[in-house]
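J.: task: produce atomic coordinates for the following.
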Amino acid sequence: MGKFIDIIKKGIKLGIVEPDTAKSKQQVSKVTNKILLKELTEHFNEQMEELSVGRRLLYPMSFNILLHPDDYNTTIESLKYILPEVVASFYASIKRRIEEYTNGVNYAAPATDWFFQFSACQVTERDGKEDFIRRGEVITTSTLTHFDIRKAQQDGVRTEANVHLSVKCQNSSINDNNINMEALLGMEILSEGTYSFQFDKNLNEDTTLIIAASDLPSKGFATLRWAGNDGRDRVYDMHAMYIDISGKADKRSSSNICQIDSDAVSTSHVQIKYEQATQTFSLAAYGKVRLNSREVPISVGGNPQWVPLAKSHSKIFINDSVSVEFNANPDLV
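T.: Next up, the predicted model:
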C-alpha cells in the first residue's frame, strides 16, 4: 500500500505558482470551523470517488491543512472540537458508499489512523519571492497513508517520484491546476499542530468514542495509575483500543505503549484491549500478573489468553512488584 500513497488529483505540474485572480477576488475574510469541515469532507469524498475501484473502497487517511497564520491562530483552539466531527463525517461518507454495493465491498482502512497536520505557513516561489497564503484561504493535501510535510522537507521525500499529493485549494491565490510541488514542500512552516484518531472498523459516528480513540487531550477509554520510583503517581490515558504495558527496556515510542520505569516489567508484559461493540475491557499477560488477587494465565506467542477486566478499581499487580490501578472512562460505564 505504501506505493499507492495517492493519485494526483488534478495533475500537479512542476511549474511556478500562478496567482488565480478570480479566486482572489472571491476570497472570504477568514477561515471558519464550518469551512474546515466542508473542505475536508469534500476533499475526502472526491478522493474516495477517484481512488475506489471495483468493490474496493479507497480513501485518504492523512491530511495536511495549510493556513494563513492568522487563520491558524483563530482555529487552533477549536480543532479538538472540529476534528471529531470531520472523522464522523468521513465514516458517514464511507457508509453511504457501502450501501451502494449489494454483494459486499472491501472498505478496510489503508492506514491504522486518521492523521491531520495543520500548518501556519508561507510559500516560497522558485525565484525566491515569498508569498504568504492569504487570510481566508485553505489548501489541503491528502495521501492514503501517513505523510508529514515537515518530515518530507527534512528527509528529501519530495525528490522521490512515487510520492504524490492530492491537492485541493479553496478560495486560494494558488491555482491547484499548476502547483509548484517543490515550492509546496519547500514552504516555511511557522507553526504546526498534528492530531491522530484510530480508525474504527465499525465506522461509529459517535464523537465521544472518536475522541476517546484519539491523541486529543482527554481521558480516553481508561486511565492507568501507579507509583513512580520517586513516590509520585504516574498516569497513562488509554486512547487506543489496544495497548501494551512495558518496562523501561522497551525502546519503542508509540502512544499505545504504557511504559513503566521498572526492570520488573518486561516488554509487552501486559496487553489490554477495548471492545467497542460491547464496551468491555480484557487483559492478557505475557509475564507474571495478578488481577485483583487472582493469577492471570500466561499467554505464549501470538495467542493471548484474554480475561475480563473490570471497569472500576481493577488492580493489576505485575511481577509482585508494580501495582497498576485501572479505571475506565466513566462515560463508558
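
J.: show me where the protein has helices.
T.: With DSSP state H as the criterion, the chain has helices at 21-26, 33-51, 69-75, 79-98, 149-155, 181-185, 207-212.

J.: out of these, which is closest to residue 273?
T.: Among those, helix 207-212 comes nearest to residue 273, with 13.8 Å by Cβ to Cβ. All C-beta atoms are positioned from the backbone trio N, CA, C, and that covers glycine.

J.: need the helices of the chain in JSON lines with distance to residue 143, can you?
T.: Supplementary listing: the helices of the chain in JSON lines, determined by distance: least, Cβ to Cβ, whole Å:
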{"stretch": "helix 21-26", "distance to residue 143": "24"}
{"stretch": "helix 33-51", "distance to residue 143": "9"}
{"stretch": "helix 69-75", "distance to residue 143": "21"}
{"stretch": "helix 79-98", "distance to residue 143": "15"}
{"stretch": "helix 149-155", "distance to residue 143": "10"}
{"stretch": "helix 181-185", "distance to residue 143": "13"}
{"stretch": "helix 207-212", "distance to residue 143": "21"}
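
J.: could you dump the ones you listed to JSON lines with distance to residue 244, mean neighbour count and mean pLDDT?
T.: Converted to JSON lines, the helices of the chain look like this (distance: least, Cβ to Cβ, whole Å; neighbours: other Cβ atoms under 10 Å; pLDDT from 0 to 100):
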{"stretch": "helix 21-26", "distance to residue 244": "48", "mean neighbour count": "11", "mean pLDDT": "41"}
{"stretch": "helix 33-51", "distance to residue 244": "31", "mean neighbour count": "18", "mean pLDDT": "93"}
{"stretch": "helix 69-75", "distance to residue 244": "35", "mean neighbour count": "18", "mean pLDDT": "84"}
{"stretch": "helix 79-98", "distance to residue 244": "24", "mean neighbour count": "18", "mean pLDDT": "94"}
{"stretch": "helix 149-155", "distance to residue 244": "25", "mean neighbour count": "14", "mean pLDDT": "49"}
{"stretch": "helix 181-185", "distance to residue 244": "35", "mean neighbour count": "19", "mean pLDDT": "51"}
{"stretch": "helix 207-212", "distance to residue 244": "18", "mean neighbour count": "20", "mean pLDDT": "83"}
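
J.: can you tell me which of those comes nearest to residue 195?
T.: helix 79-98 (5.6 Å).

J.: could you export that closest one as PDB, CA atoms only?
T.: In PDB, the C-alpha atoms belonging to helix 79-98 read as follows (Å, rounded to 0.1, in the frame of the first residue of the first chain):
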ATOM      1  CA  LEU A  79      -9.600  21.800  16.400                       C
ATOM      2  CA  LYS A  80     -10.300  19.300  19.200                       C
ATOM      3  CA  TYR A  81     -14.000  20.000  18.600                       C
ATOM      4  CA  ILE A  82     -13.900  20.200  14.800                       C
ATOM      5  CA  LEU A  83     -11.800  17.100  14.000                       C
ATOM      6  CA  PRO A  84     -14.100  14.500  15.700                       C
ATOM      7  CA  GLU A  85     -16.900  15.900  13.600                       C
ATOM      8  CA  VAL A  86     -14.700  15.600  10.500                       C
ATOM      9  CA  VAL A  87     -13.900  11.900  11.300                       C
ATOM     10  CA  ALA A  88     -17.600  11.300  11.900                       C
ATOM     11  CA  SER A  89     -18.400  12.800   8.500                       C
ATOM     12  CA  PHE A  90     -15.800  10.500   6.900                       C
ATOM     13  CA  TYR A  91     -17.400   7.500   8.500                       C
ATOM     14  CA  ALA A  92     -20.900   8.600   7.200                       C
ATOM     15  CA  SER A  93     -19.500   9.000   3.700                       C
ATOM     16  CA  ILE A  94     -18.000   5.500   3.800                       C
ATOM     17  CA  LYS A  95     -21.200   4.000   5.000                       C
ATOM     18  CA  ARG A  96     -23.200   5.800   2.200                       C
ATOM     19  CA  ARG A  97     -20.800   4.200  -0.400                       C
ATOM     20  CA  ILE A  98     -21.100   0.800   1.200                       C
END
